[in-house]
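**Q** here is my input; please provide its structure:
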Amino acid sequence: MRTFLVIISILIFVLNVPLLKLAYPTAETDYSVFIDVYYAKEKINEVLISLLFLIAFLSDGNRLIKAICTFGFTITFSSMIDKVFLQNFNYLYSDIIIVIFALTLSIKIYAKHPSRNKRLSN
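**A** All right, here's what the predicted structure looks like:
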């Protein structure tokens, strides 16, 4: 699973600019097309960052890393849903609720996840 996600992440990173140039050939001369490319690149970056947090969470790590990755994935995934599916590129009051939810979830992961370092868990 992790290997597949890493390959997808690399492909997204390497191919995002060539595919955007192919999809929007007049982006360098037409301002309205340039704006579309900018928003498309933002969407691609949200997907990429969400995947990277998920990959880091799935890797072997201590509970602090799992908690940080949970927080990062929750924030970026909700932002990705806003941008990709809801077409919302502005911050809303709901984002404050999502940050509180992500913080609560990451604290819960930190408290529940068994630590690999026995010195720190005692």
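**Q** please name the nearest non-neighbouring residue to residue 92.
**A** Distances taken as Cβ to Cβ, 6 or more residues apart in numbering put residue 82 closest to residue 92, at 7.9 Å, once the chain neighbours are dropped. All C-beta spots, glycine's among them, are computed from the backbone N, C-alpha and C.
**Q** burial count for that neighbour?
**A** When counting by other Cβ atoms under 10 Å, one arrives at 19 neighbours for residue 82.
**Q** again, but for residue 100
**A** So residue 100, with other Cβ under 10 Å, has 10 neighbours.
**Q** that older thread, tell me the pLDDT at the residue nearest to residue 92?
**A** pLDDT for residue 82: 77.
**Q** also residue 74?
**A** Per-residue pLDDT puts residue 74 at 89.
**Q** one step back: okay, the residue nearest to residue 92 and residue 36: tell me how far apart.
**A** According to Cβ to Cβ, to the nearest Å, residue 82 and residue 36 sit 18 Å apart.
**Q** swap in residue 58?
**A** With Cβ to Cβ as the criterion, residue 58 and residue 36 are 33 Å apart.
**Q** right, and the helix or strand after the helix ranked longest in the chain?
**A** Secondary structure of the chain per DSSP state H: the longest helix is helix 31-58. Using DSSP states H and E, the next helix or strand after helix 31-58 towards the C-terminus is helix 63-80.
**Q** tell me the angle of the next helix or strand along the chain from that next one relative to helix 31-58?
**A** Once the chain leaves helix 63-80, the next helix or strand it forms, by DSSP H and E, is helix 93-112. Angle, helix 93-112 to helix 31-58, by axes from the mean of the first three to the mean of the last three Cα atoms, to 10 degrees: 20 degrees.
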